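[1] quick one: sequence and predicted model below, then my questions.
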Amino acid sequence: MRLLVVCFLVSFSNAQIINKQVDRVVDLSTQIAKVTCMVEVENTGSSAVSVYEVAVDPLSKDHLSYIAVTEGDQDLLVSKVTEGVYEVSLQSPLSPGDTTSLTIITTLTHVLEPFPRAINQPDNQLVRHNSNAYYYSLYETAEQTSKFSLGSSKIESFTPRTPSTKEGQSVKYGPYTDIAAKSSARITLHFENNSPFLTIKDLTRIVEVSHWGNIAVEEHYHMSHDGATLKSQFSRLDFQRNPIGAPTAIKSFRTVLPASSKDVYYRDDIGNISTSNLRETEDANELEIRPRFPLFGGWKTKYYIGYNVPSYEMLSHAGNRYKLEFPFVDHTYDNLVVDAVEVKVILPEGSSDFEVVYPDYEVERHPDEKFKTYLDTFGRPVLIFSAKNLEENHIKNIEIYYNFNSILLLQEPLLVVMAFMVLFVSVIVLVRLDFSISVDEDREARQRVSFLVEELFALTGRIKSEVSDETIALLAAAKVKKDSKQLKTSKKELELLYKQICDSISAVSKKILASAPNLADKVAEVSRREGERRSILASINSLAEQVVGDKVSKNVCSTQESSLTSKLYTAQCNIEDALAAL
């Protein structure tokens, strides 16, 4: 460690940097102080120099939001050394006697103080800014000028420093020569500034990733107007009469959403806010946010917006390795100031091996959490990040890499299928179980009768197929062969089969009467209808015998056969109707 210190001191003694020329422009036309310093750096030492240190004025270091340094058109690497000191790596070492030009851009938040702190509703707002007439540096400055652009010609006062002049909407200090390192000359500027002093005190962004093709974004805002407060009560009547008569009021602002955003909503704790307007352009969607009431100094509002974007806009992958890329903060309004932001990224269940590439400013990562929603088993991983004191220059992407097995996409559909299967099986089992404690004799009797009636249907069906149809077929054979012996044999077999089936029907009928005596009339109706069929079958057999014995003519036979067949069909239908009535 001592060796490093000694080497540093030796190097510093041999290399002497001075600021040969500094032109500083401080833009105070909005709520953000935007400082641009054009610095011509000269190496007056005896060795090459590869770094240049930028120091922030102690008066402003707690308000520093953004710092960037360029050399020509090249952005340089800026590294924080200590609080308020940053090290800039030059493109190439600066040789002794050489010069280079650097452009140092810094932004400061909350450095404009409303003065007076309270005003009337139609009054213009005056602000006060404390600064340094010199360019604060760790190096000597040969010559410098500072110009404060105020955005208004109404300048109440400014601290005089010889030389210093007022030029329209700006105040110029300098040129000053031979300024020692870390020099300070405190000045105060008091001027009119009616730009919106709108600050996001707290912002929570929730980015929920779905591999089914959608990314849902929801942003919760807690905003405050940090301008001068009202001396008296707000007059809605005066505001309605002359809206432009309240120059400090914030009536609306424009939020930029991705061009592919859809299903946009704008709500607060009360519900949907309809006083908004979405305008679609080729590059972006512009959402005009109009709060429920105009915002004056000290007033606050809370709301949230949400939208969906196709996953291909932010998500890409190579195999099972996915890359999610999106802005850490987005454009909520012009001259954005965010005091604190928390970003929650909800990844699909089963994601692992996270790797994060942060934007080029300080972002803190917090312990991961789990988020459970529908069809989840062990929860989705939630990556949580936070940052403070951001503005428009911090609208840069954060990249999150993670592994995800595509087979896990089937998890949710399979869970749905299994849930429905369990439901259907449960219903099937429940409807077939009897949970009654006592025996329901009437129900059991009805079930027995139902089974017996089904058996009767089967027996009468056998008579139709095995007896009736065969008897008709026997008549047809008798007309062709006229074989009396064959006729007699077949007739005897059919009569025997018919008797057996009728005996079975009789036995089943008795069981029905035993279980349900009240069905006696209907059972008797079935027996009567069966007797009609028996009589018709006997007539068909008699006709067959007449045909074999040539006792009937062909025409008479055809007429009788047609009539008997029709009667048989009617009788069988009557039997089925009688059974259906049981």
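    That came through fine. Numbers count the residues shown, from 1 in each chain.
[2] which residue, other than its chain neighbours, is closest to residue 197?
    With CB to CB, 6 or more residues apart in numbering as the measure, residue 227 is the residue that lies nearest to residue 197, at 3.8 Å, once sequence neighbours are left out. No exception for glycine: its C-beta is placed from N, CA and C like everyone else's.
[3] for the one you found, give me its contacts.
    Contact analysis of residue 227 by CB atoms under 8 Å, 6 or more residues apart in numbering lists 114, 125, 196-197, 248, 296-297.
[4] now residue 509
    456, 523, 526-527.
[5] any idea how far it is from residue 464?
    Between residue 509 and residue 464 the distance is 18 Å, computed by CB to CB, to the nearest Å.
[6] ok, back up a step: okay if I get the contacts of residue 509 as TSV plus neighbour count?
    Listed next are those as TSV, based on neighbours: other CB atoms under 10 Å:
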residue	neighbour count
456	20
523	22
526	24
527	14
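[7] so which of those residues are in helices?
    Cross-referencing the contacts of residue 509 against helices under DSSP state H gives 456, 523, 526-527.
[8] considering those residues, which is situated nearest to residue 501?
    Taking CB to CB as the measure, residue 501 sits nearest to residue 456 out of the ones in helices among the contacts of residue 509, at 10.8 Å.
[9] isn't the closest one right up against residue 580?
    No. Applying CB atoms under 8 Å, one finds residue 456 not in contact with residue 580, separated by 10.5 Å.
[10] element containing residue 330?
    According to DSSP states H and E, residue 330 maps onto no helix or strand at all.
[11] the closest residue to it other than its chain neighbours: neighbouring residues, count only.
    Spatially, and ignoring its direct neighbours in sequence, residue 330 is nearest to residue 395 (6.3 Å; CB to CB, 6+ apart). Burial of residue 395, expressed as a neighbour count using other CB atoms under 10 Å, amounts to 16.
[12] which residues touch residue 395?
    Contacts for residue 395 (CB under 8 Å, 6+ apart) come out as 327-331, 336.
[13] nearest to residue 26, of the residues you listed?
    Within these, proximity to residue 26 (CB to CB) peaks at residue 336, which comes in at 19.2 Å.
[14] quick check: the closest one vs residue 196, distance?
    When CB to CB is the yardstick, residue 336 and residue 196 sit 11 Å from each other.
[15] settle it for me: which of those two has more neighbours?
    When residue 336 and residue 196 are compared on other CB under 10 Å, the one with more neighbours turns out to be residue 336, at 24 against 20.
[16] where do the helices of the protein begin and end?
    In the chain, the segments counted as helices under DSSP H are 2-14, 236-241, 411-432, 441-462, 469-481, 484-515, 520-548, 554-580.
[17] run through who's touching the shortest one.
    In other words, helix 236-241. Applying CB under 8 Å, 6+ apart, the external contacts of helix 236-241 come out as 121-122, 245-246, 249, 294.
[18] in strands only, show me the residues you listed.
    Assignment to strands by DSSP state E places none of the contacts of helix 236-241 there.
[19] hmm, which two among those are most spread apart?
    Farthest-apart pair in the contacts of helix 236-241 is 122 and 294; separation 13.1 Å (CB to CB).
[20] which of these two has more neighbours?
    residue 294 (18 against 14).
[21] could you find the closest non-adjacent residue to the residue nearest to the spatial centre of the chain?
    Averaging the C-alpha coordinates of the chain gives a centre point, and the residue nearest to it by CA atoms, centre = their mean is residue 216 (2.6 Å). On the basis of CB to CB, 6+ apart, the spatially nearest residue to residue 216 that is not a chain neighbour turns out to be residue 208, at 4.5 Å.
[22] can you list residues touching both of residue 122 and residue 294?
    Common contact partners of residue 122 and residue 294 (CB under 8 Å, 6+ apart): residue 246.
[23] any idea how far residue 128 is from the residue lying closest to residue 252 once chain neighbours are set aside?
    Among residues not flanking residue 252 along the chain, residue 290 sits closest, at 4.2 Å (CB to CB, 6+ apart). Look at residue 290 and residue 128: by CB to CB, they are 31 Å apart.
[24] ok, residue 548 - how many residues close by?
    18.
[25] show me the contacts for it.
    Contacts for residue 548 were tallied using CB under 8 Å, 6+ apart; they are 478, 482-484, 487.
[26] check what pLDDT residue 331 gets.
    The predicted local distance difference test score for residue 331 is 94.
[27] sorry, that was for residue 208
    At residue 208 the predicted local distance difference test score is 96.
[28] name whatever forms a beta bridge with it.
    Using DSSP bridges, the bridge partners assigned to residue 208 are residue 216, residue 346.
[29] wait, the residue nearest to residue 252 touches residue 266, no?
    No. Contact criterion CB under 8 Å: residue 290 and residue 266 do not qualify, at 9.1 Å.
[30] separation between the residue lying closest to residue 393 once chain neighbours are set aside and residue 331?
    For residue 393, ignoring the flanking residues on the chain, the nearest one in space by CB to CB, 6+ apart is residue 66 at 4.4 Å. Residue 66 is 15 Å from residue 331, where distance means CB to CB.
[31] for residue 562, same thing?
    The span separating residue 562 from residue 331 equals 94 Å under the rule CB to CB.
[32] cool, and residue 103?
    Shown here: residue 103 relative to residue 331, a distance of 24 Å by CB to CB.
[33] now swap in residue 561 and tell me
    The separation that residue 561 has from residue 331, given CB to CB, amounts to 97 Å.
[34] neighbour count: those two, which is higher?
    The residue with more neighbours, out of residue 561 and residue 331, is residue 561; 18 against 15, by other CB under 10 Å.
[35] hmm, residue 544 and the more buried one touching each other?
    No. Residue 561 is beyond contact range of residue 544, at 9.5 Å (criterion: CB under 8 Å).
[36] now do the shared contacts for those two.
    The overlap between the contact sets of residue 561 and residue 544 (CB under 8 Å, 6+ apart) consists of residue 475.
[37] how many neighbours does residue 60 have?
    Other residues near residue 60 come to 18 when the count uses other CB under 10 Å.
[38] quick check: it touching residue 108?
    Yes. Under the criterion of CB under 8 Å, residue 60 makes contact with residue 108 at 5.3 Å.
[39] what touches both of these two?
    Taking CB under 8 Å, 6+ apart as the criterion, residue 60 and residue 108 both touch residue 33.
[40] CA-only coordinates of stretch 491-501 in CSV, if you can.
    The C-alpha trace of stretch 491-501 is given here as CSV (Å, rounded to 0.1, in the frame of the first residue of the first chain):
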residue,chain,number,x,y,z
LYS,A,491,-93.9,-74.8,-35.5
LYS,A,492,-93.5,-77.0,-32.5
GLU,A,493,-90.0,-75.6,-31.7
LEU,A,494,-91.3,-72.0,-31.9
GLU,A,495,-94.3,-72.8,-29.6
LEU,A,496,-91.9,-74.4,-27.1
LEU,A,497,-89.6,-71.3,-27.1
TYR,A,498,-92.6,-69.0,-26.9
LYS,A,499,-93.9,-70.9,-23.8
GLN,A,500,-90.5,-70.7,-22.1
ILE,A,501,-90.2,-66.9,-22.6
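[41] low-confidence ranges in this protein?
    Low-confidence segments of the chain (pLDDT under 70): 1-15, 434, 436-440.
[42] the same query, at a cut-off of 50, please.
    Segments of the chain classed as low confidence (criterion: pLDDT under 50) are 1-14.
[43] about what we covered before: which of the contacts of residue 395 sits closest to residue 384?
    Comparing the contacts of residue 395 against residue 384 with CB to CB places residue 328 closest, at 12.6 Å.
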